[in-house]
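*Asks:* how would this look folded up:
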Amino acid sequence: MRQITAKGHTVNEAVESALAQLKTTKDRTEIDVIDEGKKGIFGLFGNRPAVVKVTVKPDAFEETVKYLKAIGENLGAPIEVEVKREGKTVLFTLTGEKIALLIGKRGQTLNSLQFLTQLVMNRYSEQYSTVLLDAEDYRKRRNETLIQLADRLAQKAVRTGQTVALEPMPSYERKVIHTALMSNKKIKTYSDGTEPHRHIVIAPSR
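*Replies:* Numbers count the residues shown, from 1 in each chain. Alright, predicted model coming up:
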(Lines give C-alpha, C1' and ligand atoms only; values in the text may rest on other atoms or scores of the structure.)
Protein backbone atom coordinates (compact mmCIF):
# COMPACT_ATOMS: atom_id res chain seq x y z
CA MET A 1 0.00 0.00 0.00
CA ARG A 2 1.44 3.37 -1.06
CA GLN A 3 1.04 5.92 1.71
CA ILE A 4 2.73 9.15 2.73
CA THR A 5 2.47 11.80 5.43
CA ALA A 6 2.99 15.39 4.28
CA LYS A 7 3.02 18.86 5.80
CA GLY A 8 2.06 22.28 4.51
CA HIS A 9 0.97 25.76 5.59
CA THR A 10 -2.62 24.64 4.95
CA VAL A 11 -4.38 21.31 4.52
CA ASN A 12 -4.63 21.92 0.76
CA GLU A 13 -0.90 22.59 0.52
CA ALA A 14 -0.13 19.42 2.48
CA VAL A 15 -2.44 17.38 0.22
CA GLU A 16 -0.90 18.81 -2.95
CA SER A 17 2.57 18.02 -1.62
CA ALA A 18 1.55 14.41 -0.92
CA LEU A 19 -0.06 13.98 -4.34
CA ALA A 20 3.06 15.30 -6.05
CA GLN A 21 5.28 12.87 -4.14
CA LEU A 22 2.97 9.94 -4.86
CA LYS A 23 2.56 11.01 -8.49
CA THR A 24 -1.18 10.49 -8.40
CA THR A 25 -4.45 12.42 -8.34
CA LYS A 26 -6.88 13.25 -5.54
CA ASP A 27 -9.66 10.98 -6.84
CA ARG A 28 -7.36 7.95 -6.52
CA THR A 29 -6.51 8.56 -2.88
CA GLU A 30 -7.92 8.53 0.62
CA ILE A 31 -7.03 11.61 2.68
CA ASP A 32 -6.82 11.67 6.45
CA VAL A 33 -6.27 15.08 8.06
CA ILE A 34 -4.05 14.51 11.10
CA ASP A 35 -3.66 18.19 12.04
CA GLU A 36 -5.34 21.18 10.41
CA GLY A 37 -2.44 23.39 11.50
CA LYS A 38 -2.48 26.72 13.26
CA LYS A 39 -1.49 30.25 12.36
CA GLY A 40 0.70 31.89 14.95
CA ILE A 41 0.52 35.40 16.33
CA PHE A 42 1.19 37.90 13.52
CA GLY A 43 1.90 34.88 11.39
CA LEU A 44 5.27 34.47 13.09
CA PHE A 45 4.99 32.88 16.54
CA GLY A 46 3.27 29.58 17.37
CA ASN A 47 2.82 28.43 13.79
CA ARG A 48 1.91 24.77 13.41
CA PRO A 49 1.87 23.14 9.99
CA ALA A 50 -1.08 21.16 8.66
CA VAL A 51 -0.39 17.43 8.49
CA VAL A 52 -2.19 14.91 6.28
CA LYS A 53 -1.84 11.21 5.58
CA VAL A 54 -2.61 10.30 1.98
CA THR A 55 -3.11 6.70 0.89
CA VAL A 56 -3.35 5.58 -2.73
CA LYS A 57 -6.45 3.46 -3.33
CA PRO A 58 -5.66 0.06 -4.85
CA ASP A 59 -6.52 -0.08 -8.56
CA ALA A 60 -8.91 -3.00 -9.20
CA PHE A 61 -7.42 -3.82 -12.60
CA GLU A 62 -3.82 -3.65 -11.41
CA GLU A 63 -4.55 -5.80 -8.34
CA THR A 64 -6.43 -8.39 -10.38
CA VAL A 65 -3.70 -8.68 -13.01
CA LYS A 66 -1.13 -8.97 -10.21
CA TYR A 67 -3.21 -11.78 -8.65
CA LEU A 68 -3.48 -13.70 -11.93
CA LYS A 69 0.24 -13.40 -12.64
CA ALA A 70 1.03 -14.63 -9.13
CA ILE A 71 -1.17 -17.70 -9.71
CA GLY A 72 0.67 -18.40 -12.95
CA GLU A 73 4.06 -18.07 -11.28
CA ASN A 74 3.05 -20.37 -8.43
CA LEU A 75 1.91 -23.02 -10.93
CA GLY A 76 5.13 -22.73 -12.91
CA ALA A 77 3.23 -21.26 -15.85
CA PRO A 78 4.13 -17.54 -16.27
CA ILE A 79 1.46 -15.60 -18.15
CA GLU A 80 0.69 -12.28 -19.74
CA VAL A 81 -2.72 -10.73 -19.11
CA GLU A 82 -4.75 -8.54 -21.47
CA VAL A 83 -7.69 -6.61 -20.02
CA LYS A 84 -10.78 -5.43 -21.89
CA ARG A 85 -13.86 -3.83 -20.36
CA GLU A 86 -17.28 -3.90 -22.02
CA GLY A 87 -19.86 -2.18 -19.82
CA LYS A 88 -19.99 -4.04 -16.50
CA THR A 89 -18.14 -7.05 -17.92
CA VAL A 90 -14.35 -7.30 -17.73
CA LEU A 91 -12.53 -9.83 -19.90
CA PHE A 92 -9.09 -11.02 -18.81
CA THR A 93 -7.30 -12.92 -21.57
CA LEU A 94 -4.35 -15.08 -20.51
CA THR A 95 -1.46 -16.16 -22.73
CA GLY A 96 1.63 -18.22 -21.99
CA GLU A 97 3.64 -21.26 -23.06
CA LYS A 98 2.10 -23.50 -20.36
CA ILE A 99 -1.41 -22.06 -20.50
CA ALA A 100 -2.93 -25.56 -20.48
CA LEU A 101 -2.13 -25.75 -16.76
CA LEU A 102 -4.46 -22.82 -16.15
CA ILE A 103 -7.23 -24.24 -18.32
CA GLY A 104 -7.36 -27.73 -16.85
CA LYS A 105 -9.57 -30.64 -17.86
CA ARG A 106 -12.68 -29.32 -19.62
CA GLY A 107 -11.80 -25.84 -18.37
CA GLN A 108 -12.37 -26.74 -14.71
CA THR A 109 -9.25 -24.92 -13.51
CA LEU A 110 -10.09 -21.88 -15.64
CA ASN A 111 -13.65 -21.83 -14.30
CA SER A 112 -12.47 -21.98 -10.70
CA LEU A 113 -9.88 -19.29 -11.36
CA GLN A 114 -12.56 -17.11 -12.98
CA PHE A 115 -14.68 -17.33 -9.81
CA LEU A 116 -11.73 -16.35 -7.62
CA THR A 117 -10.71 -13.56 -10.01
CA GLN A 118 -14.18 -12.05 -9.79
CA LEU A 119 -13.89 -11.99 -5.99
CA VAL A 120 -10.53 -10.19 -6.23
CA MET A 121 -11.79 -7.70 -8.83
CA ASN A 122 -14.85 -6.71 -6.83
CA ARG A 123 -12.92 -6.53 -3.58
CA TYR A 124 -10.99 -3.54 -4.94
CA SER A 125 -13.60 -2.07 -7.30
CA GLU A 126 -16.19 0.49 -6.27
CA GLN A 127 -18.48 -0.73 -9.08
CA TYR A 128 -19.53 -4.39 -9.31
CA SER A 129 -18.16 -6.13 -12.39
CA THR A 130 -18.75 -9.49 -14.02
CA VAL A 131 -15.43 -11.15 -14.77
CA LEU A 132 -14.76 -13.44 -17.72
CA LEU A 133 -11.50 -15.33 -17.96
CA ASP A 134 -10.24 -16.71 -21.27
CA ALA A 135 -7.04 -18.41 -22.34
CA GLU A 136 -5.90 -18.96 -25.93
CA ASP A 137 -9.52 -18.68 -27.23
CA TYR A 138 -10.60 -21.58 -25.01
CA ARG A 139 -14.04 -20.05 -24.39
CA LYS A 140 -14.76 -19.80 -28.12
CA ARG A 141 -13.68 -23.38 -28.74
CA ARG A 142 -15.62 -24.59 -25.70
CA ASN A 143 -18.77 -22.79 -26.88
CA GLU A 144 -18.51 -24.44 -30.29
CA THR A 145 -18.16 -27.83 -28.57
CA LEU A 146 -21.18 -27.14 -26.34
CA ILE A 147 -23.34 -26.15 -29.31
CA GLN A 148 -22.44 -29.37 -31.13
CA LEU A 149 -23.13 -31.37 -27.97
CA ALA A 150 -26.48 -29.66 -27.49
CA ASP A 151 -27.57 -30.46 -31.03
CA ARG A 152 -26.51 -34.10 -30.74
CA LEU A 153 -28.26 -34.67 -27.41
CA ALA A 154 -31.40 -32.87 -28.58
CA GLN A 155 -31.61 -35.30 -31.48
CA LYS A 156 -31.19 -38.18 -29.02
CA ALA A 157 -34.01 -36.86 -26.83
CA VAL A 158 -36.34 -36.60 -29.83
CA ARG A 159 -35.32 -40.03 -31.19
CA THR A 160 -35.72 -41.91 -27.88
CA GLY A 161 -38.54 -39.85 -26.41
CA GLN A 162 -36.60 -39.68 -23.13
CA THR A 163 -35.01 -36.84 -21.20
CA VAL A 164 -31.24 -36.38 -21.37
CA ALA A 165 -29.27 -34.90 -18.48
CA LEU A 166 -25.97 -33.15 -19.16
CA GLU A 167 -23.01 -32.95 -16.81
CA PRO A 168 -22.90 -30.08 -14.28
CA MET A 169 -21.82 -26.78 -15.86
CA PRO A 170 -21.32 -23.19 -14.71
CA SER A 171 -24.20 -20.82 -15.46
CA TYR A 172 -22.65 -19.18 -18.53
CA GLU A 173 -22.09 -22.59 -20.18
CA ARG A 174 -25.67 -23.63 -19.40
CA LYS A 175 -26.78 -20.42 -21.08
CA VAL A 176 -24.91 -21.46 -24.25
CA ILE A 177 -26.90 -24.73 -24.32
CA HIS A 178 -30.24 -23.01 -23.65
CA THR A 179 -29.57 -20.43 -26.38
CA ALA A 180 -28.45 -23.05 -28.90
CA LEU A 181 -31.68 -25.04 -28.49
CA MET A 182 -34.26 -22.33 -27.87
CA SER A 183 -35.48 -22.42 -31.49
CA ASN A 184 -35.92 -26.20 -31.51
CA LYS A 185 -39.67 -26.73 -30.96
CA LYS A 186 -39.28 -30.50 -30.58
CA ILE A 187 -37.54 -30.21 -27.23
CA LYS A 188 -37.43 -28.07 -24.12
CA THR A 189 -34.51 -27.36 -21.80
CA TYR A 190 -34.33 -26.48 -18.13
CA SER A 191 -31.73 -26.41 -15.37
CA ASP A 192 -31.94 -28.80 -12.45
CA GLY A 193 -29.99 -29.40 -9.23
CA THR A 194 -28.11 -27.01 -6.99
CA GLU A 195 -24.68 -25.42 -7.42
CA PRO A 196 -22.08 -26.68 -8.05
CA HIS A 197 -24.00 -29.67 -9.43
CA ARG A 198 -26.61 -27.69 -11.39
CA HIS A 199 -27.04 -29.11 -14.87
CA ILE A 200 -29.23 -28.90 -17.97
CA VAL A 201 -31.96 -31.36 -18.83
CA ILE A 202 -33.13 -31.75 -22.42
CA ALA A 203 -36.64 -33.18 -22.68
CA PRO A 204 -38.80 -33.96 -25.72
CA SER A 205 -41.82 -31.64 -26.03
CA ARG A 206 -45.13 -33.33 -25.21
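
*Asks:* Spatially, what comes nearest to L166 if we skip its sequence neighbours?
*Replies:* Nearest residue to L166, sequence neighbours excluded (C-beta to C-beta, 6 or more residues apart in numbering): I200, at 4.6 Å. Every residue, glycine included, has its C-beta placed from N, CA and C.

*Asks:* And the helix or strand containing V54, what's buried?
*Replies:* Here V54 sits within strand 50-56, counting by DSSP states H and E. For strand 50-56, burial by neighbour count (16 or more other C-beta atoms under 10 Å) applies to 50-52, 54-56.

*Asks:* what sits against the residue nearest to L166?
*Replies:* Shown in contact with I200 (C-beta atoms under 8 Å, 6 or more residues apart in numbering): 165-166, 169, 174, 177-178, 189-192.

*Asks:* pLDDT below threshold where in this structure?
*Replies:* The chain contains residues with pLDDT under 70 at 1, 40-46.

*Asks:* And the longest helix anywhere in the chain, how far out from the chain middle?
*Replies:* Taking DSSP state H as the criterion, the chain has its longest helix at helix 138-160. Mean-position distance between helix 138-160 and its chain equals 28 Å (C-alpha atoms, centre = their mean, to the nearest Å).

*Asks:* Parallel or antiparallel, which strands does the helix or strand that that helix is followed by pair with?
*Replies:* Once helix 138-160 ends, the next helix or strand along the chain (criterion: DSSP H and E) is strand 164-165. Strand 164-165 sits in its sheet next to strand 199-204 (antiparallel), going by DSSP bridges.

*Asks:* Check which residues of the partner strand are buried.
*Replies:* 200, 202-204.

*Asks:* Report the inter-axis angle for that strand versus helix 138-160.
*Replies:* Angle, strand 199-204 to helix 138-160, by axes from the mean of the first three to the mean of the last three C-alpha atoms, to 10 degrees: 40 degrees.

*Asks:* Which residue ranges of the protein form strands?
*Replies:* In the chain, the strands defined using DSSP state E lie at 3-8, 29-35, 50-56, 80-86, 89-95, 130-135, 164-165, 187-192, 199-204.

*Asks:* and those strands as JSON lines, adding distance to K69?
*Replies:* Below are the strands of the chain laid out as JSON lines (distance: least, C-beta to C-beta, whole Å):
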{"stretch": "strand 3-8", "distance to K69": "23"}
{"stretch": "strand 29-35", "distance to K69": "25"}
{"stretch": "strand 50-56", "distance to K69": "20"}
{"stretch": "strand 80-86", "distance to K69": "6"}
{"stretch": "strand 89-95", "distance to K69": "9"}
{"stretch": "strand 130-135", "distance to K69": "13"}
{"stretch": "strand 164-165", "distance to K69": "39"}
{"stretch": "strand 187-192", "distance to K69": "35"}
{"stretch": "strand 199-204", "distance to K69": "33"}
